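Trainee: Okay, sequence plus prediction incoming.
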Amino acid sequence: MKEFFSIGEVSKLFNVNIPTLRYYDEIGLLKPEFTDEHNNYRYYSTQQFERLSTIKYLRTLGLPINKLLDFYNSLEVDTLIHLLKDQQTEIDR
């Protein structure tokens, strides 16, 4: 099994634009597993696929990126529950 995937491969696998993945890296939401120091290519591991799937799902629910950053910076289930309840209230409005 392949260990690392280029940003282009991840973009195609998850249907996420390359600029979006670069932005996620820039803000610290989804950092590549490593970046080649010679050409600055970003490489992602399969272990990061779950996080990207979760990010996509939560964005589909309308969660703003700053809220996702709050969750991933705290990594507490209670924070996620609170964010989802707030989003539900927003959707209900």
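Mentor: In hand now; what should we look at? Numbering: from 1, shown residues only.
Trainee: Could you break this protein into its assigned domains?
Mentor: Here the domain parsing of the chain from automatic domain parsing is 1-60, 62-93.
Trainee: hey, least reliable of these by pLDDT?
Mentor: Mean pLDDT is lowest for domain 62-93 out of the domains of the chain, coming in at a mean of 78.
Trainee: Can you pull the phi and psi angles for His38?
Mentor: For His38, the backbone dihedrals (degrees, to the nearest 10) come out as phi -80, psi -40.
Trainee: How many residues are close by it?
Mentor: 6 (other Cβ atoms under 10 Å). Every C-beta, even on glycine, is put in place using the N, C-alpha and C of the backbone.
Trainee: part of a helix, is Phe2?
Mentor: Not quite, residue 2 is Lys, not Phe. No. Counting by DSSP: H, G, I helix; E, B strand; the rest coil, Lys2 is not found in a helix; it is coil.
Trainee: give the contact list for it.
Mentor: Thr46 (Cβ atoms under 8 Å, 6 or more residues apart in numbering).
Trainee: Let me know the distance separating it from Asn17.
Mentor: In this view, Lys2 and Asn17 are 22 Å apart by Cβ to Cβ, to the nearest Å.
Trainee: ditto for Lys56
Mentor: Lys56 is 12 Å from Asn17, by Cβ to Cβ.
Trainee: mind saving the C-alpha coords of the lengthiest helix in the chain as CSV?
Mentor: Ranked by residue count and defined by DSSP state H, the top helix of the chain is helix 77-92. Presented in CSV, the C-alpha positions along helix 77-92 are these (Å, rounded to 0.1, in the frame of the first residue of the first chain):
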residue,chain,number,x,y,z
VAL,A,77,-15.6,15.8,22.2
ASP,A,78,-17.6,18.3,24.3
THR,A,79,-16.3,21.1,22.1
LEU,A,80,-17.5,19.3,19.0
ILE,A,81,-20.9,18.6,20.6
HIS,A,82,-21.2,22.3,21.5
LEU,A,83,-20.2,23.3,17.9
LEU,A,84,-22.8,21.0,16.4
LYS,A,85,-25.6,22.1,18.7
ASP,A,86,-24.8,25.7,17.8
GLN,A,87,-24.8,24.9,14.1
GLN,A,88,-28.2,23.1,14.5
THR,A,89,-29.6,26.2,16.1
GLU,A,90,-28.3,28.3,13.3
ILE,A,91,-29.8,25.9,10.7
ASP,A,92,-33.1,26.0,12.5
